[in-house]
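Chemist: predicted model and sequence follow; I will ask about them next.
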Amino acid sequence: QVQLVESGGGSVQAGGSLRLSCAGSGYTHCSYDMSWYRQAPGKEREFVSGIDSDGSTSYADSVKGRFTISQDNGKKTVYLQMNSLKPEDTAMYYCKTVQKCSRGIEYNVWGQGTQVTVSS
């Protein structure tokens with residue numbers, strides 16, 4: 001059973017940095033994509049950044065140039081380095097994996113989230 005655990009959230013002032021981690025366990029033979037989402041109070045969950053099984057990355061326009069996604073395959077961990085943080089980055093950040101298995105089977109797993117609060 002695949003499980004994800006996020007860490008690294010906290011409170012920072014605008015312009016500061018945080019590094020989020022998402023540690024995975026229970027992985028099998030499936031290939032997988034990893035991504036970060038966030039959800040602010042009263043808003044829908046939105047995509048932040050993703051990294052595919054082939055290593056290609058993508059970012060929401062709102063975080064391009066400020067956030068960097070990376071992964072350590074050996075540790076089954078994905079990171080989100082967040083620089084130049086803004087108050088509008090305040091949200092609960094969630095890690096998600098899409099497990100792509102044989103015979104076309106795919107399924108999603110979400111972590112429990114880690115809170116990021118940026119004060120002005």
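Modeler: Received, thanks.

Chemist: give me the nearest residue to the spatially most central residue of the chain, chain neighbours excluded.
Modeler: The residue lying closest to the centre of the chain (Cα atoms, centre = their mean) is W36, at 2.5 Å. Closest residue in space to W36, ignoring its immediate chain neighbours: V48 at 4.3 Å, by Cβ to Cβ, 6 or more residues apart in numbering. C-beta here means a position set from N, CA and C on the backbone, and glycine is covered the same way.

Chemist: run through the residues that contact the one you found.
Modeler: For V48, the contacting residues are S35, W36, Y37, R38, Y59, A60, V63, F67, L80, Y93, by Cβ atoms under 8 Å, 6 or more residues apart in numbering.

Chemist: just the pLDDT for the residue of the chain most remote from its centre.
Modeler: Computed with Cα atoms, centre = their mean, the residue of the chain farthest from its C-alpha average is R103, at 26.9 Å. On the pLDDT scale, R103 is placed at 87.

Chemist: helix, strand or coil: sort out it for me.
Modeler: helix (DSSP: H, G, I helix; E, B strand; the rest coil).

Chemist: helices and strands around the helix or strand of the chain with the lowest mean pLDDT, which ones?
Modeler: None of the helices or strands of the chain scores lower by mean pLDDT, DSSP states H and E than strand 106-110, at a mean of 92. Counting contacts by 3 or more Cβ pairs under 8 Å, 6 or more residues apart in numbering; DSSP states H and E, strand 106-110 is packed against strand 3-7, strand 91-100.

Chemist: what pairs with the following helix or strand past it, parallel or antiparallel?
Modeler: Using DSSP states H and E, the helix or strand that follows strand 106-110 towards the C-terminus is strand 114-119. With DSSP bridges as the test, strand 114-119 is paired with strand 10-13 (parallel), strand 91-100 (antiparallel).
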